[in-house]
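Visitor: here is my input, please return the structure:
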Amino acid sequence: MANSKKSKDEYEHTDTGLGGQYKTWFLDYASYVILERAVPAIEDGLKPVQRRILHAMKEMDDGRFNKVANIIGQSMQYHPHGDASIGDALVNLGQKDLLIETQGNWGDVRTGDEAAASRYIEARLSKFALEVAFNAKTTEWALSYDGRKNEPVTLPMKFPLLLAQGAEGIAVGLATKILPHNFCELIEASIKYLRGKRFEIFPDFQTGGTMDATNYNDGVRGGKIRVRAIIEEVDKKTLAIRNVPFGVTTSQLMESIVKANDQGKIKIKKVTDHTAAEVEIIIELAPGISPDITIDALYAFTDCEVSVSPNACVIVEDKPQFLKVSELLKAATDNTKELLKRELEIKLAELYEKWHFTSLEKIFFEEKIYKELEKKHETWEKVLEAIDKAFTPFKKLLKRAITREDIVKLTEKPVRRIYKLDIDDLIEQIKGLEADIKQVKHDLDNLTDFAVAYYENLLKKYGKGRERKTEIKQFDTIQAKTVAIANIKLYANFADGFIGTGLKKDEMVAEVSDLDDIIAFTKGGIMKVVRVADKVFIGKDILHVAVFMKNDERTTYNMIYVDGKTGVSLAKRFNVTGITRDKEYDLTKGSDKSKVHYFSANANGEAEVVKIILSPNCSAHKKEFDFYFEEQDIKGRNSIGNQVTKYPVKSVKFKEAGKSTLDAKKLWFDNKFGRLNTEEKGEYLGKFEAEDRLLVIYNDGNYEITDQELTQRFDTEKVLLIEKFDTEKIITAVYFDKEKVQYSVKRFKIETSTLHNKFFFIKEGDGNYLEAVTTEEEPILAMQSGRGAQVRKAKVTISKVVDVMGWKALGNKLADYNKSIEMEWVPKTPNNPQAELFE
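Guide: The predicted structure is shown next:
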């Protein structure tokens, strides 16, 4: 019994032992999964299961639809796995709408709905697939897993399929994620590459939406794209989501919205999925909630925006490699060019062969060599030898030697070929073959041009309806703090020095979000910034608590404190722009007994007047006096301040509110993102005091008066004018009147004052739109129509065409409609010729 036991060393070091099996089996398994399951081949962009499905469908192809269940059964002759994996792969191919035409319920990638059972749905190869993916003559074959049939090693794919369809798979130790790209753009990029030009390609998704590909980085590992759903503002209380980001279903999107609402990051009343032929998710906002802020919050906290990281791994010469998408396109284009070359070479060989036999046939009948068949020869071999001998004078006209098979084939031709018409027909065939040979040789000599023409033909035949669906644009960065809903109550115990959301017995100081930072100041001159938490200790005798805004240069803190060491009282004004969270900052000179006499926070740099009352026992002649903060410069928080008095101070009392000492806020409009900003991005709008408003005029004929809130977003494709609102300015507007087929002009003053409401000021009617608008005092409009020698130009002083009217007036006719007309406002100068009317 003991002799039958194996030693530990035998188990670890023999191939059949457990250790030996682990050393080989895992590597074998990993290699199998990588090469045979998860990662596509660079040659045709297909995984093995996809390739076997397409091959099986080609074998079944008769132009009619086949039940998917039958296709699965046919594919199982080649794929050594279950029907479920084949069915899933087939549905995935069908949903991409490129290689397979489908019939029945194939599910929906937008909603996540699954396809119907395989017995209920049908499929066939598309015309595109038949043209680009199959050619038995250029296909390399191998035995199937059971040795019964041949299957393609790779399909002769003459198109960058991998980039068009995309691919995703998880193997052992690596994964691949190649994003789908636009059909037409891939063909155009291939043509550019063939012509030696630079190209750039970006993903495109069936689900549409918008995409920021700034960091796509040619699809290499480490790159990423951001994809957003398109969210429309139906009205001030309703938003509509018109599509979903790549990889997100409508149900997942709605779940993320509900979750964000439950967490208090957004505030909505109801979300409803109305998706049918097109995606439509309706969001009803809670009362008083800004639609602009909610849109930003949806992008920040829900799946309305997702980041996708590409990881382009493919099989190259039986090894996984990570490549750029541009390298994948070059490889696919080079492969296409090589396949086209092989097809041309095969075609040329076939044409030569056909020319050879047709020439033999012509000589056979024309020179009456067929009569050798009528002579009496001893054997059949003697007959063939006689015919071969009769061809001897003509062999130099041929392109290759005459074989026995050629002669046998000639003897099988019917004798009726002796007619002259038949010989003339053979001569015409030879001429046609020679023309074809010449053309094929030309194509081989000019292979690049031939490949370009091939791609151009693909684009012409199959490009319609495959235009880009995902809009490429640069996204603005949404600061989550600025759009999170403030729905958490913050409390403070001023005396004991605690703040937090759990101190519900104490005084409520603000409503905050869980992303906010809180700034607090104490009577001891300590400042501290902390996160929103259940309970945080700041310091005894808290004076002020508020939400902290980083880089805020307008909020100004006014403070008077006494230095504990010298007894001198000092005043300072300062901003707090950047801090280290949870660090204590001493705002005094640092003495132990220093304390704050007076403190105020001013959102717009206001400088108040305070009354300072000195101790009655001090030696100062004047025991009370006013102190003006406006006389103090705004400095950093570490500044010591300026001396107010060297005498003991009894109290400091607020006396009178002051005005802002800050310069008016400068605003810019970034027409790339449709945002207001103070960072000097885009068009400068001017200096704005706190009470100033903005006028926005849209090309659909609406105007809107709005505030300076930086979280607002404007549709840059619709905004014709945005500027500081002046009630005295006259608006001059030119609009198209579709009913009368003319351009009309009107001048009016804004008579409304309601904020954030749009007012329609042109004539109502489908097809009417605003063409041009200005607030110049005496506007002059330059117009031009016609082309070439027929160009007509004129300048119109608008005040001579129409008077100032009410904002609801229709205005006067300016000119008849002309599709070639161009309009532009010009500054009024003495040199400008003026015309009364342009017709």
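
Visitor: list the beta-bridge partners for the residue nearest the centre of the chain.
Guide: With distances taken as CA atoms, centre = their mean, the residue of the chain nearest its centroid is Met211 (1.2 Å). Beta-bridge pairing for Met211 (DSSP bridges): Val227, Ile472.

Visitor: pretty sure it contacts Phe202?
Guide: Yes - the pair Met211 / Phe202 is scored as a contact, 7.3 Å apart, by CB atoms under 8 Å. Where C-beta positions appear, they are placed from N, C-alpha and C, glycine not excepted.

Visitor: now list whatever residues contact both of the two.
Guide: Common contacts of Met211 and Phe202, defined by CB atoms under 8 Å, 6 or more residues apart in numbering, comprise Ile225, Ile472.

Visitor: ok, now which ones touch the closest residue to Glu140 other than its chain neighbours?
Guide: Of all residues not flanking Glu140 in the chain, Val153 sits nearest, at 4.4 Å (CB to CB, 6 or more residues apart in numbering). Counting by CB under 8 Å, 6+ apart, Val153 touches Thr139, Glu140, Trp141, Ala142.

Visitor: quick one, which of those are buried?
Guide: Thr139 (16 or more other CB atoms under 10 Å).

Visitor: helix or strand for Gly223, which one?
Guide: Secondary structure assignment for Gly223, by DSSP states H and E: no helix or strand.

Visitor: do I have it right that it meets Val308?
Guide: No - using CB under 8 Å as the test, Gly223 is too far from Val308 to be in contact (9.7 Å).

Visitor: and the gap between the residue nearest to Glu140 and Leu143?
Guide: According to CB to CB, to the nearest Å, Val153 and Leu143 sit 11 Å apart.

Visitor: then Ile71?
Guide: In terms of CB to CB, Ile71 sits 22 Å off from Leu143.

Visitor: more neighbours: which of these two?
Guide: Ile71 (24 against 10; other CB atoms under 10 Å).

Visitor: following the helix or strand harbouring that one, which helix or strand comes up?
Guide: For Ile71, the enclosing helix or strand under DSSP H and E is helix 68-75. Once helix 68-75 ends, the next helix or strand along the chain (criterion: DSSP H and E) is helix 83-95.

Visitor: quick one: buried residues of the next helix-or-strand element following that next one?
Guide: Following helix 83-95 in sequence order, the next helix or strand is strand 100-103 (DSSP H and E). Neighbour-count burial for strand 100-103, counted by 16+ other CB under 10 Å, picks out Ile100, Glu101, Thr102.

Visitor: who does strand 100-103 pair with, and is each partner parallel or antiparallel?
Guide: strand 122-125 (antiparallel).

Visitor: chain center to whichever helix or strand comes after the partner strand, what's the gap?
Guide: Using DSSP H and E, the helix or strand that directly follows strand 122-125 along the chain is helix 127-132. What separates the centre of helix 127-132 from the centre of its chain is 29 Å, taken as CA atoms, centre = their mean, to the nearest Å.

Visitor: elements contacting the helix or strand encompassing Ala794?
Guide: Assigned by DSSP H and E, Ala794 belongs to strand 792-797. Secondary-structure packing of strand 792-797 (3 or more CB pairs under 8 Å, 6 or more residues apart in numbering; DSSP states H and E): strand 780-785.

Visitor: the longest helix along the chain packs against which elements?
Guide: Secondary structure of the chain read by DSSP state H shows that its longest helix is helix 325-366. Counting contacts by 3+ CB pairs under 8 Å, 6+ apart, helix 325-366 is packed against helix 161-165, helix 183-194, helix 404-411, helix 420-445, helix 447-462.

Visitor: out of the ones you listed, nearest to Lys724?
Guide: helix 183-194 (42.2 Å; CB to CB).

Visitor: let me know the closest of the contacts of Val153 to Glu367.
Guide: Thr139 (41.6 Å).
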